[in-house]
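Q: okay, sequence plus prediction incoming.
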Amino acid sequence: MSYDFATYDKNYHTEADVVVIGAGIFGLSTAYFLSRMGKKVILLEKKDVGSGASGSNEAFVWGCTRKFPVLPFYRFSQQFYTKIHETIGYDVEYTNCGGYVIAESEREMELLEEWLEQRWQDGLFEMKMVYKDEFHKRLPGFSDHVMGGTYNPLEGRVNSILVCVGFASAIRDLGNEVWTKTDVTAINQKGNKVHEVVTNRGTIRTDCVVNAAGSWAADIGKLVNIDVPVIPNRMTLLVSEPVAPFLNTVCMSAVYVFDEINKAKTQARIAAGEDVKMEAGYTYSQQAKGNIMLGSTEDFVGYDRRVNFENSKAIAKVMGDVNPPLRDKKINVIRGFANFFPYTKDDLPVIGPVPGVEGFVMASGLNGGGMGLGIGAGYTVAQYCALGETHIPIHYFDIQRESLYK
Ligand SMILES: Cc1cc2nc3c(=O)[nH]c(=O)nc-3n(C[C@H](O)[C@H](O)[C@H](O)COP(=O)(O)OP(=O)(O)OC[C@H]3O[C@@H](n4cnc5c(N)ncnc54)[C@H](O)[C@@H]3O)c2cc1C
């Protein structure tokens, strides 16, 4: 037999209790908890650990918008982050910095007040309203038209690539394997059961395969002839040059909470002659090294990851309107980046078994909240694979539910 030393050995054969496909937050945390449960796991990643949405995003651990039935995932994840350094042995720069949802009009403030009532009913008692004077005292530099908003002291921030690298390192410390630069070329079945995962690095015999391929989950679904209704939603962000620390919290506009506001603002800008396809939301935070992270726009463009001028301009305009000092002090944007989050029509993930393909388990569709939901969701998928039952109910996330397809 002749060997090509530039490639891996396609003829290598091994086995695992569970093969997890995709090293984003969902796949990594699933593989990590399975490792802690004593399972032999191999985690396969097409590119590098965290090379999908999980390694480059806005990194908010954001709870205020999380509702039943995903709220338990957030609760689990948020608590895990408070102990993540000692638990996985890796500093992921988690800060429990608190966060605001910001109102730019009386109407938005009213909507936030009503919304807060609902949030309390959902058990998020830690959230409070902050009114105009108090808001401007706490956060100088916001435009006078900002009326205040809600504050949640539990909101946090991490360094997302460190979260990914940290989990991968913990999986290896627990004796399991993470194969990067690995293409999954086939999932062989015996009867209606998964049997083998075939890759460019060899074949793995297994009875359980987890599809945690994020925005690419549909491609993995095709390997077992199922449709996975998860598609890429591109989100674009800008990053400023580093400036002296001034913002130790995370902020976002009410656009992200209320579709009504989003639509009204978009229409107003179109009426004013601007060429906008959608209102840019408003997210605002400062990284540990001083860079300001400014977001964001969302659009559906397949897998086109380019940053375009229209989206960048929309973000810069919203930011300058809400925070005039950014514009007045001419703080430079040094880069923009875009990435895909795994979008589902009903904003809920797809988790659990797939009828007709025994041993194939879905773990995708965390939408725009995976950094705050992924650890709890991964724990739940690990429980399902290892024990066949879960603490957090998963039937809401069934791949056959109607709301995924409407
Ligand atoms: C710009 C942006 C900002 C965001 N900001 C926030 C935020 O502030 N807070 C928050 O909570 N969430 C945020 N999100 C959402 C969050 O990033 C996602 O919900 C989360 O990262 C999804 O994780 P995942 O593991 O499901 O997918 P991914 O991280 O995309 O991981 C999927 C992985 O599967 C791999 N893969 C694909 N196909 C294959 C294959 N055939 N074989 C092997 N591997 C494969 C990919 O390479 C990738 O590494 C943001 C998203 C974006 C895009």
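A: Noted; the coordinates are in hand.
Q: alpha carbons only for contacts and neighbour counts from here, please
A: Will do.
Q: quick one: the helices in this protein, in order.
A: Under the criterion DSSP state H, helices of the chain are mapped to 25-36, 71-82, 84, 106-121, 132-138, 160-173, 217-222, 259-271, 309-322, 324-328, 370-387.
Q: tell me which of these lies nearest to Asn96.
A: Asn96 sits nearest to helix 71-82 of all these, at 7.8 Å, using C-alpha to C-alpha.
Q: C-alpha coordinates for that closest one, CSV please?
A: The C-alpha trace of helix 71-82 is given here as CSV (Å, rounded to 0.1, in the frame of the first residue of the first chain):
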residue,chain,number,x,y,z
LEU,A,71,-35.2,29.7,28.9
PRO,A,72,-33.9,26.6,30.8
PHE,A,73,-31.0,26.4,28.3
TYR,A,74,-30.1,30.0,29.1
ARG,A,75,-30.4,29.4,32.9
PHE,A,76,-28.0,26.4,32.7
SER,A,77,-25.6,28.2,30.4
GLN,A,78,-25.5,31.4,32.4
GLN,A,79,-24.8,29.5,35.7
PHE,A,80,-22.1,27.4,33.9
TYR,A,81,-20.3,30.5,32.7
THR,A,82,-20.0,31.8,36.3
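Q: hmm, who's touching it?
A: The contact list for helix 71-82 (C-alpha atoms under 8 Å, 6 or more residues apart in numbering) reads Val61, Gly63, Arg66, Tyr94, Asn96, Gly372, Leu373, Gly374, Ile375, Gly376, Ala377, Ile392.
Q: tell me the first helix or strand C-terminal of it.
A: Next in sequence after helix 71-82, counting helices and strands by DSSP states H and E, comes helix 84.
Q: same question for that next one, mean pLDDT?
A: Per-residue pLDDT over helix 84 has a mean of 98.
Q: contact residues of the stretch 151-300 of the chain facing the ligand?
A: Selection of the stretch 151-300 of the chain residues close to the ligand by C-alpha under 6 Å from any ligand atom yields Asp183, Val184, Ala212, Ala213, Gly214, Ser215, Trp216, Ile220, Met235, Thr236.
Q: poorly predicted segments of the stretch 151-300 of the chain, please.
A: 260-266, 269, 274-280 (pLDDT under 70).
Q: the ligand next: which of the contacts of helix 71-82 are close?
A: Among these, the ligand is touched by Val61, Gly372 when using C-alpha under 6 Å from any ligand atom.
Q: which of the contacts of helix 71-82 are buried?
A: Neighbour counting with 16 or more other C-alpha atoms under 10 Å marks Val61, Gly63, Arg66, Tyr94, Asn96, Gly372, Leu373, Gly374, Ile375, Gly376, Ala377, Ile392 as buried within the contacts of helix 71-82.
Q: mind giving me CSV with those and columns for pLDDT?
A: What follows is these, written out as CSV (pLDDT from 0 to 100):
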residue, pLDDT
Val61, 96
Gly63, 93
Arg66, 91
Tyr94, 95
Asn96, 96
Gly372, 97
Leu373, 98
Gly374, 98
Ile375, 98
Gly376, 98
Ala377, 98
Ile392, 97
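Q: could you chop this protein up by domain?
A: 14-76+160-230+346-404, 99-153+232-343 (automatic domain parsing).
Q: so which of those domains gets nearest Ile88?
A: Closest to Ile88 of these is domain 14-76+160-230+346-404 (C-alpha to C-alpha; 5.6 Å).
Q: in this structure Gly368 contacts Thr344, no?
A: No - in this structure, Gly368 is not within contact of Thr344 by C-alpha atoms under 8 Å, at 10.1 Å.
Q: looking at the two, which is more packed in?
A: With neighbours defined as other C-alpha atoms under 10 Å, Gly368 and Thr344 compare such that Thr344 has more, 23 against 19.
Q: ranges for the strands of the stretch 151-300 of the chain?
A: Applying DSSP state E, counting those that start in this stretch to the stretch 151-300 of the chain gives strands spanning 156-157, 177-179, 184-190, 193-199, 202-205, 209-211, 231-242, 250-253, 283-286, 291-299.
Q: against which helices or strands is the longest one packed?
A: In terms of contacts (3 or more C-alpha pairs under 8 Å, 6 or more residues apart in numbering; DSSP states H and E), strand 231-242 is packed against strand 291-299, helix 309-322, strand 333-343.
Q: can you redo those as TSV with mean neighbour count and distance to Ile88?
A: Converted to TSV, the helices and strands packed on strand 231-242 look like this (neighbours: other C-alpha atoms under 10 Å; distance: least, C-alpha to C-alpha, whole Å):
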stretch	mean neighbour count	distance to Ile88
strand 291-299	23	27
helix 309-322	18	36
strand 333-343	21	25
